[in-house]
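S.K.: got a predicted structure here, sequence first:
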Amino acid sequence: MVFIAGFGHIAVGLASGRLFADPRARRRRAWLTIAGAVALAMLPDSDLLPVWLGVRDHGLCGHRGILHTPLFAIAVGLTAFLICRARGSSRAIRAGLVATLLVASHGLLDAMAQDGRGILFAWPFSEQRFHLPWRWIPDAPTGLRLFTHIGMRHLGLEFVYFFPLVVYTLRPLWHRFFAGPASSPGQRLPA
């Protein structure tokens, strides 16, 4: 059993984590923020676990069911807000909004997929599934089928589409490792 979300979800989580990480925080805490953002961006695909265990992939309990709805994103955001507020965080509202947007981003990206069954944007008022008019993201196969020729091609296309977000996220690391030592205007470098 392989659990790999689309590369686009991972890239959005990485970029969001860097965007919302506290720049004054220690490096470990910043990377934990990024890891949390990636986990939130991929959370809706946890609906694949029961499918891989043999549960019928249908309706609200199947893939792109209830966990891909805006209502679920709001519930996750509200939970993040309440947890942060209970811990006395001054950023509880921000944490709730970021969590909501990250989880909701998953459904939006999946609604741009070329294939698939669409997203239940109006649930619980309607079980109609919707796609966005821009369907430019390939719908990579799940599980071990991801490692087929078509799966690798779709993953490669997603990598190209979302590469700018990965560059944004990893730019500080690349700069630190490849730019060499930083020098201040009055500092002399050894000859």
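M.R.: Received it, and whenever you're ready, just let me know what you need.
S.K.: so where does the most centrally placed residue in the chain fall, helix or strand?
M.R.: The residue lying closest to the centre of the chain (C-alpha atoms, centre = their mean) is Ala41, at 2.6 Å. Using DSSP states H and E, Ala41 falls within helix 27-42.
S.K.: gap between that helix and the chain center?
M.R.: On the basis of C-alpha atoms, centre = their mean, to the nearest Å, helix 27-42 sits 10 Å off its chain's mean C-alpha point.
S.K.: so which elements touch it?
M.R.: Helices and strands touching helix 27-42, by 3 or more C-beta pairs under 8 Å, 6 or more residues apart in numbering; DSSP states H and E, are helix 7-20, helix 92-111. Yep, even glycine has a C-beta here, placed from its N, CA and C like the rest.
S.K.: and the angle for it with helix 7-20?
M.R.: Relative orientation of helix 27-42 versus helix 7-20 (axes from the mean of the first three to the mean of the last three C-alpha atoms, to 10 degrees): 140 degrees.
S.K.: outside of helix 27-42, which residues touch it?
M.R.: With contacts defined as C-beta atoms under 8 Å, 6 or more residues apart in numbering, helix 27-42 is touched by 5, 9-10, 12-14, 16-18, 20-23, 25, 76, 98-99, 102-103, 105-106, 169.
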